[in-house]
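K.L.:
whatever this is, show me its structure:
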Amino acid sequence: MPAPQGLEPPSEWIQRWAHLVPPGASVLDVACGSGRHLRWLHGRGHPVTGVDRDPDALTPLRGLGEILCADIEAGPWPLAGRTFGAVVVTRYLWRPLLPTLVASVAPGGVLLYETFAAGNETVGRPARPDFLLRPGELLQACAGLCTVAYEDGFLDAPERFVQRIAAVRLQEGAAPARHRLAPPL
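P.N.:
Below is the predicted model:
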């Protein structure tokens, strides 16, 4: 039986690559919904900001961090000029926003992104091409970042096609970073 909305565990991808988020860094969760990643990252000591257009989903999140109700597809980006130590996006794609999301990653910060990809139309929803990443599209969108991990393929339980990336904005003039390919034990 699935967990109630908001109480489901964070994405395995987010959990796997969360060690790339600098300690104590601010985290932005885009299209955060009921806050499964906000809650988890807040519990790991990060100040969190969430943005979503559904006020009902956001109500239980009040007091957790900065919670913004905004339609980021029809209105202006509510966080213009701000950067974060991590930008987290799962199960969401609005192509015109991709450059803004990449620009919102602070130097030394990370973009953790996972969403549906082409092929998903053969197993379920979403099925419209507007909501499915084309092959390599996420890599192209993150060309200005250092890709630490990238996957494009099929997952079971539930069946779905996904693309996902963990990409870091390098700090200018800094020594080469040692981005672990597995979380510390």
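K.L.:
low-confidence regions, the protein specifically.
P.N.:
Scanning the chain for pLDDT under 70 picks out the ranges 1-6, 183-185.
K.L.:
and the one helix or strand Gly109 maps to, how far out from the chain middle?
P.N.:
Assigning secondary structure by DSSP states H and E places Gly109 in strand 105-116. In terms of C-alpha atoms, centre = their mean, to the nearest Å, the centre of strand 105-116 is set 6 Å apart from its chain centre.
K.L.:
beyond it, next helix or strand please.
P.N.:
Sequence-wise, the next helix or strand downstream of strand 105-116 (DSSP H and E) is helix 137-141.
K.L.:
quick check: buried residues in that following helix?
P.N.:
Using 16 or more other C-beta atoms under 10 Å as the burial criterion, the residues of helix 137-141 that qualify are Glu137, Leu138, Leu139, Ala141. C-beta coordinates here come from the backbone N, C-alpha and C atoms, glycine included.
K.L.:
ok, the closest residue to Glu66 other than its chain neighbours - contacts?
P.N.:
Distance criterion C-beta to C-beta, 6 or more residues apart in numbering; nearest residue to Glu66, sequence neighbours excluded, is Thr49 at 4.2 Å. Neighbouring residues of Thr49 by C-beta atoms under 8 Å, 6 or more residues apart in numbering: Ser26, Val27, Leu28, Asp29, Gly65, Glu66, Ile67, Leu68, Leu79, Phe84.
K.L.:
write the PyMOL selection for whichever of these are buried.
P.N.:
Of those, the buried ones go into a single PyMOL selection, burial set by 16+ other C-beta under 10 Å:
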select buried, resi 26+27+28+29+65+67+79+84
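K.L.:
I'd like the contacts of Thr49 as TSV, with distance to His179 appended.
P.N.:
As requested, those are arranged in TSV below (distance: C-beta to C-beta, whole Å):
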residue	distance to His179
Ser26	19
Val27	18
Leu28	20
Asp29	21
Gly65	26
Glu66	27
Ile67	30
Leu68	30
Leu79	25
Phe84	18
